[in-house]
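A.B. asks: Okay, sequence plus prediction incoming.
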Amino acid sequence: MINFWNAVLGFILFIIGIVVIVFTIIKTEKDYKDPYGNTMGLCVGAILLIMVGLGLFLREVFKL
């Protein structure tokens, strides 16, 4: 049986990850002043959000 809320949470996490990556890329293109390496941390966090979101979403979709 499919768990609807896991699928919705996975989709939302996937969308948030994409938005964070796009925001980070736009911000670094404007002015690249990152002495502490926060951009890399944001990108890694966004990639992890995308991976977890896809994992949850696809696991529930494949149950259909």
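C.D. replies: Perfect, I can see it now.

A.B. asks: quick one: residue 49 and residue 16, what's the gap?
C.D. replies: Counting by Cβ to Cβ, to the nearest Å, the gap from residue 49 to residue 16 is 6 Å. (Glycine included, C-beta is placed from N, CA and C.)

A.B. asks: same question, residue 35
C.D. replies: On the measure of Cβ to Cβ, residue 35 and residue 16 end up 27 Å apart.

A.B. asks: Between these two, which is the more surrounded one?
C.D. replies: Per other Cβ atoms under 10 Å, whichever of residue 35 and residue 16 has more neighbours is residue 16, with 14 against 5.

A.B. asks: name the helices or strands packed onto the host helix or strand of that one?
C.D. replies: Taking DSSP states H and E as the criterion, residue 16 maps to helix 4-30. For helix 4-30, the contact count by 3 or more Cβ pairs under 8 Å, 6 or more residues apart in numbering; DSSP states H and E identifies helix 38-61 as packing neighbours.

A.B. asks: Distance from the helix it packs on to the middle of the chain?
C.D. replies: 4 Å (Cα atoms, centre = their mean, to the nearest Å).

A.B. asks: cool, stretch 12-28 as well?
C.D. replies: Offset of stretch 12-28 from its chain centre (Cα atoms, centre = their mean): 7 Å.

A.B. asks: For this structure, which residues score under the pLDDT cut-off?
C.D. replies: Across the chain, nothing is flagged by pLDDT under 70.

A.B. asks: how does it look with 90?
C.D. replies: 1-4, 24-42, 61, 63-64 (pLDDT under 90).

A.B. asks: quick one: the most centrally placed residue in the chain and residue 35, what's the gap?
C.D. replies: Geometric centre of the chain, nearest residue: residue 17, 1.9 Å, by Cα atoms, centre = their mean. Using Cβ to Cβ, we find residue 17 at a distance of 25 Å from residue 35.

A.B. asks: Ok, residue 44 next?
C.D. replies: From residue 44 to residue 35 the distance is 18 Å (Cβ to Cβ).
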